[in-house]
Each structure stands twice: as structure tokens, then as C-alpha cells.
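Undergrad: I'll drop the sequence and a predicted model, then ask my questions.
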Amino acid sequence: MSTKKIGILNKYYKMTANRTLIGHKCAGVIEAYADFAGISLREAFGIFYKSYLYTEIVNGISDMHCRSDGYLVEELQLELDEKS
């Protein structure tokens with residue numbers, strides 16, 4: 001696994017989470033957000049994959065992939081509220 005440069009802090013971070021686990025985490029967040037927001041999985045999928053939260057999870061920033069789906073749904077909603 002390669003070391004990637006992340007953010008303006010010029011720090012280096014090596015992502016160690018298994019990509020399969022990250023995929024399962026994303027699926028869980030999408031399903032939980034669809035239930036929370038009362039929208040279809042397709043809509044939740046589009047919202048999630050365009051979010052900064054998705055970037056944080058996939059790149060291992062702040063170990064967001066270790067958080068519960070419920071916590072991440074709340075974070076996603078906060079992000080969306082800030083954008084609007």
C-alpha cells in the first residue's frame with residue numbers, strides 16, 4: 001500500500017483499512033441514510049458519493065471508517081445542512 005499526501009498540512013498517512021471493509025461501510029451508511037431521510041437507495045447513493053464524508057472514509061481521514069453507521073449518517077446530514 002502506498003503512502004499518500006493528504007491535505008494542506010503536508011502530512012503523510014498510510015491507509016491500512018481493507019478496501020472490502022470500506023465498501024461495506026459505505027453500503028451501510030447509504031442504506032442507513034436512505035432510511036433516515038426517507039429517500040430511495042439510488043438517491044442516497046448519489047448524495048453520499050458526492051459528499052466530503054465519502055472522501056474522508058475512503059482516504060482514511062480521521063478513521064471515519066471506524067465510526068458507526070448512525071454517527072456517519074448524522075455527519076452526512078450536518079454536511080448537507082451546511083451546504084444549503
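TA: Looks like it came in fine.
Undergrad: which non-adjacent residue is nearest the spatially most central residue of the chain?
TA: Centroid-nearest residue in the chain, with CA atoms, centre = their mean: Tyr54, separated by 3.1 Å. Among residues not flanking Tyr54 along the chain, Phe48 sits closest, at 5.7 Å (CB to CB, 6 or more residues apart in numbering). Just so you know, the C-beta spots here come from the backbone N, C-alpha and C atoms, and that holds for glycine as well.
Undergrad: Could you pull out the helices in the chain for me?
TA: Using DSSP state H, the helices of the chain run over 19-37, 41-49, 52-59, 69-83.
Undergrad: now the ones you listed as TSV including mean pLDDT?
TA: Listed next are the helices of the chain as TSV, based on pLDDT from 0 to 100:
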stretch	mean pLDDT
helix 19-37	95
helix 41-49	97
helix 52-59	93
helix 69-83	97
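Undergrad: out of these, deepest packed?
TA: helix 52-59 (a mean of 18; mean count of other CB atoms under 10 Å).
Undergrad: quick check, distance from that one to the centre of its chain.
TA: 4 Å (CA atoms, centre = their mean, to the nearest Å).
Undergrad: now stretch 32-49
TA: 13 Å.
Undergrad: which non-adjacent residue is nearest Cys26?
TA: Ile57 (6.5 Å).
Undergrad: should've said Gly70
TA: Ala32 (6.5 Å).
Undergrad: State the distance from the one you found to Glu75.
TA: Here the distance between Ala32 and Glu75 works out to 11 Å (CB to CB, to the nearest Å).
Undergrad: Equivalent analysis for Phe36, please.
TA: On the measure of CB to CB, Phe36 and Glu75 end up 12 Å apart.
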